[in-house]
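Chemist: kindly generate the corresponding structure for this input.
(chains A and B)
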Amino acid sequence: MLLVATVGLLAGIAVAVVLGPDNRVTTGPHPLGTDQRAVVSRPEVLGWVGPTVTITAEVPGARPVFLGLANTVDVADFFAGTGYERVDSLSLPWQVSTTTVRGQQNIPATPLAADWWLAASAGRGGAQITVSLPEQTASLAVVGLAGDLRGLQISGSYVVPGGFGTGLGVAVLAVGAGTVGWLLRRPAPPAEVLPADDPAGDPDEERVADRVADRVELPFGRPVEPGTPR
Amino acid sequence: MSRRRAGALVAVLVTLVSLLDACALPYQRRSDDASKIAVTPAAATEVYARYTRVRRVALRLLDPQPLTSIETGPVLAIDAGALRVARLLPVDESVEPGPDLQDLQILQVLAPRLGAYPLWFVAVVRDGVRGLIKVQIFTRRTSVSTWQLVASPETLPSVRLPRFAVDAEGALTPVEPDDDAGLPLSPTAAVQTYVDTLNATAAGQPGTPGPVVRDSFVTQMAAIARRQSAIEGVRFAQQWRAAAVRYALRTADGGALVFADLLRVDAYALSPGTTVSWPAGSEQKAFLRGKLFSGGQLSYLHQVLLYLPAQGGRTRAIGQYGGVVDASGV
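Modeler: Predicted coordinates:
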């Protein structure tokens, strides 16, 4: 119990420290600049389902930029024929491999007009989305609305709703459990050894006393001889 | 185990279970194969609302132009032809179009899981004005185009539409045009056989026995051919041709529903000295205007909904939508 409590305490504190009061694990900003008009991720890059992530794309010079997440079928069709930087894999904290897909510089339409984005945002100098990663295959797209994406930087954070509180809760719980465990492990009071006033007493009574004394193991001091009068 | 120890253990377990229940744990996606169910019911409802809004304008103005944003392919040609006929024929100006110009209610929307554009979905719609059921297909050609109606065969309310087969996610299961698994014929072969039957009956031949039922559509088209052939001094020929099959769906009974686009050409060759006057209000009158002196032809498009029962059954039409789309003649 004490071991479990110790592990729980350390884990709870670690979770609370890593997430912080904003419940986030953050990485970045990381450079992902390209002379292409867009950066698009393969579906394997966002292979997890369920976590809520916040992604931020920033470009220098207050240039307009679009950031969106959509089903890979929609994204693949939208960028068919367009040149873009494809993110093939990503491992955290930040190791990314990319491939340049050659094509025309123009995009078929403004991405803002499409109705199939699961989450989308646009802004000058940067854009940010917060989205729960879906079950369907999804791709992230960053589009330079006025040209290429030189100087692009990407940040990501994984939001664990209530994670900070949960970490603290686990730590507190572990402290409580440890206390309970310590109390449970406290030595029991020494067993009362039957007095042998009459050594020649009832032989049955003596055997009972022997058995009881046999089972008593005193944690401190000298063991008591079974059946020995004090 | 003491009562205190058991109580502490239960408390720890309850807390752990509550924590796990509170946070939905992320998990790795099972497959990274790109695909999507073409449309959600909510999105389909929006698509249909836009469709009915624009269609109402087109019907009110008798103008096919607005339809070009909501329809494409044969169904646009058929509707544009119908509006052209309506516009060219004399109209009683005193009669205002009623508020019940159209009354379309979606009964069912189903979409397949697709790996690439074009996307499409099926809407089963009740036409309250005409008392028919429309089995419509909307398609989205690319990610930047709008949804457009591409097929709209109609069935009588008395016709029992086979139930669509759906997978575990409720997605339609399309049948490839050349796939004959579990079917007497592939969709492409079934459509071609049906066209052969139409051509044969139009020519007064018995038609291919066996795989196709001589349904009401076949007999109606044969009757038209017979009536036109009976005009004195006129040589009439009716020819049918099929477009490539694009949409076929598996039905729950193991059969298939096939959306067939058929082109029909009615050709008239007049003997010297013969003229033909078309009856007032007919589509021939609208398209060919005056009399026909030498010859001419009218082109029709028919969208026929064919039902292919599972192995052993015979192909038959359970719905159609068609009309004249072009004409020439002197």
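Chemist: for chain A, which spans come out with low pLDDT?
Modeler: Scanning chain A for pLDDT under 70 picks out A:1, A:186-230.
Chemist: can you pull up the most central residue in it?
Modeler: A:Val160 (7.1 Å; Cα atoms, centre = their mean).
Chemist: how close does that residue sit to A:Ile55?
Modeler: Separation of A:Val160 from A:Ile55 (Cβ to Cβ, to the nearest Å): 16 Å. Every C-beta, even on glycine, is put in place using the N, C-alpha and C of the backbone.
Chemist: again, but for B:Arg241
Modeler: 53 Å.
Chemist: between the two, which one's more packed in?
Modeler: Using other Cβ atoms under 10 Å in any protein chain shown, the more surrounded residue of B:Arg241 and A:Ile55 is A:Ile55, with 22 against 13.
Chemist: is it true that that one lies in a strand?
Modeler: Yes. Under DSSP: H, G, I helix; E, B strand; the rest coil, A:Ile55 sits within a strand.
Chemist: now do the contacts for it.
Modeler: With contact taken as Cβ atoms under 8 Å, 6 or more residues apart in numbering or on different chains, A:Ile55 is in contact with A:67, A:69, A:128-131, A:140, A:154-156.
Chemist: please produce a ChimeraX select command covering the buried subset of these.
Modeler: Buried residues within those, by 16 or more other Cβ atoms under 10 Å in any protein chain shown, are selected in ChimeraX with:
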select /A:67,69,129,131,140,154,155,156
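Chemist: let's see which of the contacts of A:Ile55 end up in helices.
Modeler: Judged by DSSP state H, helices contain none of the contacts of A:Ile55.
Chemist: just the ones of the contacts of A:Ile55 in strands?
Modeler: Among these, the members falling in strands (DSSP state E) are A:67, A:69, A:128-131, A:140, A:154-156.
Chemist: who does the closest residue to B:Glu71 other than its chain neighbours bridge with?
Modeler: Leaving aside its chain neighbours, B:Glu71 sits nearest to B:Leu149 (4.6 Å; criterion: Cβ to Cβ, 6 or more residues apart in numbering or on different chains). Note on B:Leu149: beta-bridge partners by DSSP bridges are B:Glu71, B:Phe138.
Chemist: surely B:Leu149 and B:Ala77 touch.
Modeler: No. If you go by Cβ atoms under 8 Å, B:Leu149 and B:Ala77 don't touch, sitting 12.0 Å apart.
Chemist: which stretch of helix or strand covers B:Ala267?
Modeler: strand B:256-270 (DSSP states H and E).
Chemist: on that earlier part again, now distance to chain B too, for the contacts of A:Ile55, in a markdown table please.
Modeler: Listed next are the contacts of A:Ile55 as a markdown table, based on distance: Cβ to the nearest Cβ, whole Å:
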| residue | distance to chain B |
| --- | --- |
| A:Leu67 | 17 |
| A:Leu69 | 13 |
| A:Gln128 | 21 |
| A:Ile129 | 18 |
| A:Thr130 | 15 |
| A:Val131 | 13 |
| A:Leu140 | 14 |
| A:Ile154 | 20 |
| A:Ser155 | 19 |
| A:Gly156 | 14 |
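Chemist: which residues of the stretch 101-250 of chain B fall in strands?
Modeler: B:104-110, B:113-114, B:119-127, B:132-140, B:148-151, B:154-155, B:234-242, B:247-250 (DSSP state E, counting those that start in this stretch).
Chemist: now render those as CSV, adding mean pLDDT.
Modeler: Listed next are the strands of the stretch 101-250 of chain B as CSV, based on pLDDT from 0 to 100:
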stretch, mean pLDDT
strand B:104-110, 94
strand B:113-114, 96
strand B:119-127, 96
strand B:132-140, 97
strand B:148-151, 98
strand B:154-155, 96
strand B:234-242, 94
strand B:247-250, 97
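Chemist: which of those strands sits closest to B:Gln303?
Modeler: strand B:148-151 (5.3 Å; Cβ to Cβ).
Chemist: looking at chain B, which helix or strand does the model trust least?
Modeler: The helix or strand of chain B with the poorest confidence is helix B:3-22; it has a mean of 55 (mean pLDDT, DSSP states H and E).
Chemist: contact partners for B:Thr275?
Modeler: Residues in contact with B:Thr275 (Cβ under 8 Å, 6+ apart) are B:291-293.
Chemist: what distance do you get for B:Ala34 to A:Gly156?
Modeler: Counting by Cβ to Cβ, the gap from B:Ala34 to A:Gly156 is 22 Å.
Chemist: how about stretch B:158-165: buried residues?
Modeler: B:161-162, B:164-165.
Chemist: just those residues now: which is nearest A:Leu10?
Modeler: B:Ala165 (54.6 Å).
Chemist: excluding chain neighbours, what is closest to that closest one?
Modeler: B:Ala165 sits nearest to B:Arg250 (Cβ to Cβ, 6+ apart), 4.1 Å away.
Chemist: would you check that that neighbour makes contact with B:Ala171?
Modeler: No. Using Cβ under 8 Å, B:Arg250 makes no contact with B:Ala171, being 11.1 Å away.
Chemist: looking at those two, which one has more neighbours?
Modeler: Higher neighbour count among B:Arg250 and B:Ala171: B:Arg250, with 25 against 19, using other Cβ under 10 Å.
Chemist: dump the residue contacts of that one.
Modeler: B:164-165, B:172-175, B:256.
Chemist: got a winner among the residues you listed for most neighbours?
Modeler: B:Ala256 (30 neighbours).
Chemist: who are the contact partners of that one?
Modeler: Per Cβ under 8 Å, 6+ apart, neighbours of B:Ala256: B:175, B:183, B:187, B:248-250, B:307-308.
Chemist: equivalent analysis for A:Gly126, please.
Modeler: Contacts were defined as Cβ under 8 Å, 6+ apart; by that measure A:Gly126 touches A:56-59, A:65.
Chemist: do the same with A:Arg37
Modeler: By Cβ under 8 Å, 6+ apart, the contact list for A:Arg37 reads A:82-84, A:105-107, A:143-144, A:147-149.
Chemist: the same query, at a cut-off of 7 Å, please.
Modeler: A:82-84, A:105, A:107, A:143-144, A:148 (Cβ atoms under 7 Å, 6 or more residues apart in numbering or on different chains).
Chemist: ok, so of those residues, who is nearest B:Arg214?
Modeler: A:Thr82 (52.7 Å).
Chemist: list the beta-bridge partners for that closest one.
Modeler: A:Gln104.
Chemist: so who does it touch?
Modeler: With Cβ under 7 Å, 6+ apart, A:Thr82 has these contacts: A:37-38, A:103-104, A:106-107.
Chemist: what about B:Thr52, how many residues nearby?
Modeler: B:Thr52, neighbours per other Cβ under 10 Å, totals 16.
Chemist: also the one 5 residues further on?
Modeler: B:Val57 is surrounded by 14 other residues when neighbours are defined as other Cβ under 10 Å.
Chemist: hmm, it is touching B:Pro64, no?
Modeler: No. The criterion here is Cβ atoms under 7 Å, and B:Val57 misses it with B:Pro64 at 11.1 Å.
Chemist: tell me which stretches of the chain form helices.
Modeler: In the absence of a named chain, this looks at chain A. With DSSP H as the criterion, chain A has helices at A:2-19, A:72-78, A:163-185, A:203-215.
Chemist: sorry, I should have been clearer: chain B.
Modeler: Going by DSSP H, chain B shows helices at B:3-22, B:41-61, B:73-88, B:187-202, B:216-229, B:283-288.
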